[in-house]
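>>> this one's structure only:
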Ligand code: AMP
């Protein structure tokens, strides 16, 4: 089976292949034709099954063939449980739509950061909004968007949406959506409350169940190093030099992150380049060829872009930003230790990512002992007055509103945060 047989437009088939998706995964094979035909879908699929592309590709296909809505209108709404997933799904949408003939506007919205930039980016509407439910409602309250024209709704990781206590928000959002729409519902598990939610929003869905396949890692040594976010670039430089890594693939969560890390390495005299979906195909090819030829020592990539990197001899993989899921972790580290060679996978664990990494370890059924590297032990990192974290070069690491940790861990505002904000507002004349 190939992508060309699923009914997707030629441009999307080409884009899938450019991303290294040679053949559709089982969930894609089942979901893409059903979604293209306009059916609702209930997909029981794990992260790692390829479910994001399973809904993203047919949604982009539909968008290419439909008329745009008016200002403040949203055509496709993707609801996700966490900031981390919002960023990742938004990134996949952007990467897959980047080379399409018409521009597709993707806006990502999640809590825990200022709402203003998100409101600004919603001006003039958006083709696709990927959001966490709480922030989406805040944006509706601010009149930043209208949901009355949403043609397709995706609930991604529906079980986690409910686990995180979003049932009320979801009910509020569903009320604002037009009854006439396509709904796609993905969940890794299917307990009663998830089933109820699915019944409430799906109409005669096509049911897709993909069993979870255990994945096996070959001979890969895994290490994890505790480090502060702002010290990671310096630690990476240190390790590359100290341990004499001949070639390393470094994963960052966002395109911005890949550029920033590659830039810092480059400045330190290490031949490094960023690799992501915003680069032209020619530029991507050049990077790959230079990496294969040994002219580049380090490539810093996003998960999606890295799919196109096939390198037999890759001794080191670095998780500069942790992957969002245990399945992605397996995918990432599986790029090293191929063809019988042994590989090394190093994960940088910042203090606020400790719990996230523990979860990954738990899912893998293994513990990776944390190391401390002299001179890079985590300590207090006071943020600057403008909300940026100064990094080891004294540069602001990420502009306000952008997550310096690559936006892995989502956090909704707690009641306390909201109260504090309200109190602060009341205090300002
Ligand atoms: P997901 O389940 O959406 O989180 O996807 C897991 C990983 O599989 C991501 O890194 C995708 O880039 C990758 N992926 C998705 N579809 C395919 C495909 N058809 N072939 C190879 N990799 C894929």
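Received it, and whenever you're ready, just let me know what you need. Computed from a predicted model, the values in this text were never measured in an experiment.
>>> quick check, distance from the helix or strand harbouring residue 289 to the centre of its chain.
Assigned by DSSP states H and E, residue 289 belongs to helix 281-292. When distances are taken as Cα atoms, centre = their mean, to the nearest Å, helix 281-292 is centred 23 Å away from the chain's centroid.
>>> then stretch 150-168?
Relative to the mean C-alpha coordinate of its chain, stretch 150-168 is positioned 16 Å out (Cα atoms, centre = their mean).
>>> dihedrals phi and psi, residue 183?
For residue 183, the backbone dihedrals (degrees, to the nearest 10) come out as phi -120, psi 130.
>>> and residue 273, by the same measure?
Main-chain dihedrals, residue 273, degrees, to the nearest 10: phi -140, psi 150.
>>> distance of it relative to residue 284?
As defined by Cβ to Cβ, to the nearest Å, residue 273 lies at a distance of 10 Å from residue 284. Just so you know, the C-beta spots here come from the backbone N, C-alpha and C atoms, and that holds for glycine as well.
>>> quick revisit: could you pull out the buried residues of the helix holding residue 289?
Buried residues in helix 281-292, defined by neighbour count with 16 or more other Cβ atoms under 10 Å: 284, 287, 288, 291, 292.
>>> helices or strands next to it in the packing?
Contacting helix 281-292 under the criterion 3 or more Cβ pairs under 8 Å, 6 or more residues apart in numbering; DSSP states H and E are the following elements: strand 272-275.
>>> so for the strand it packs on, mean pLDDT?
Strand 272-275 shows an average pLDDT of 95 in the prediction.
>>> ok so, going back, now the element after the helix holding residue 289, going C-ward?
If you walk from helix 281-292 toward the C-terminus, the next helix or strand you reach (DSSP H and E) is strand 298-301.
>>> that following strand pairs with which strands?
Pairing partners of strand 298-301, with direction, according to DSSP bridges: strand 248-251 (parallel), strand 272-275 (parallel).
>>> what's the first one in contact with?
I take that to be strand 248-251. When contacts are defined by Cβ atoms under 8 Å, 6 or more residues apart in numbering, strand 248-251 is touched by residues 236, 240, 261, 297-303, 306, 309, 311, 314-321, 323, 332, 335-336.
>>> pop the domain breakdown of the protein in here.
In the domain annotation for the chain, the residue ranges read 3-209, 221-379 (automatic domain parsing).
>>> out of these, which is closest to the ligand?
Checking the domains of the chain against the ligand by Cβ to the nearest ligand atom gives domain 3-209 as the closest, at 3.1 Å.
>>> how long is the closest one end to end?
One end of domain 3-209 sits 20 Å from the other (Cα to Cα, to the nearest Å).
>>> show me how far that domain is from its chain's centre.
Averaged over its C-alpha atoms, domain 3-209 has a centre that lies 13 Å from its chain's centre (Cα atoms, centre = their mean).
>>> so which bits of the stretch 251-400 of the chain are right by the ligand?
Within the stretch 251-400 of the chain, the residues that sit near the ligand (Cβ under 6 Å from any ligand atom) are 303, 304, 307, 328, 331.
>>> what residues are up against the spatially closest residue to the last one that is not a sequence neighbour?
Meaning residue 331. Spatial nearest neighbour of residue 331, excluding adjacent residues (Cβ to Cβ, 6 or more residues apart in numbering): residue 48 at 6.9 Å. Residue 48 makes contact with 215, 325, 326, 327, 328, 330, 331 under the criterion Cβ under 8 Å, 6+ apart.
>>> model confidence over the helix holding residue 289, on average?
Rounded mean pLDDT across helix 281-292 is 86.
>>> go on, stretch 142-150?
When pLDDT is averaged over stretch 142-150, the result is 94.
>>> run through who's touching the helix or strand harbouring residue 62.
According to DSSP H and E, residue 62 maps onto helix 51-64. Outside helix 51-64, the residues that touch it by Cβ under 8 Å, 6+ apart are 3, 7-9, 11-12, 16, 21, 25, 27-28, 31-32, 35-36, 41, 43, 45, 75-76, 78, 88-89, 92-93, 96-97, 100-102, 104, 127-128, 151-152, 154, 156, 184, 186.
>>> just those: which are in strands?
In strands, judged by DSSP state E, the following of these are found: 41, 43, 75, 76, 78, 127, 128, 152, 154, 184, 186.
>>> pick out the most distant pair among these.
Checking the ones in strands among the contacts of helix 51-64 against each other with Cβ to Cβ, the farthest-apart pair comes out as 43 and 127, at 22.1 Å.
>>> which residue of these two possesses the greater neighbour count?
residue 43 (26 against 23; other Cβ atoms under 10 Å).
>>> so the more buried one touches residue 190, yeah?
No: the pair formed by residue 43 and residue 190 falls short of the contact definition of Cβ atoms under 8 Å, at 10.4 Å.
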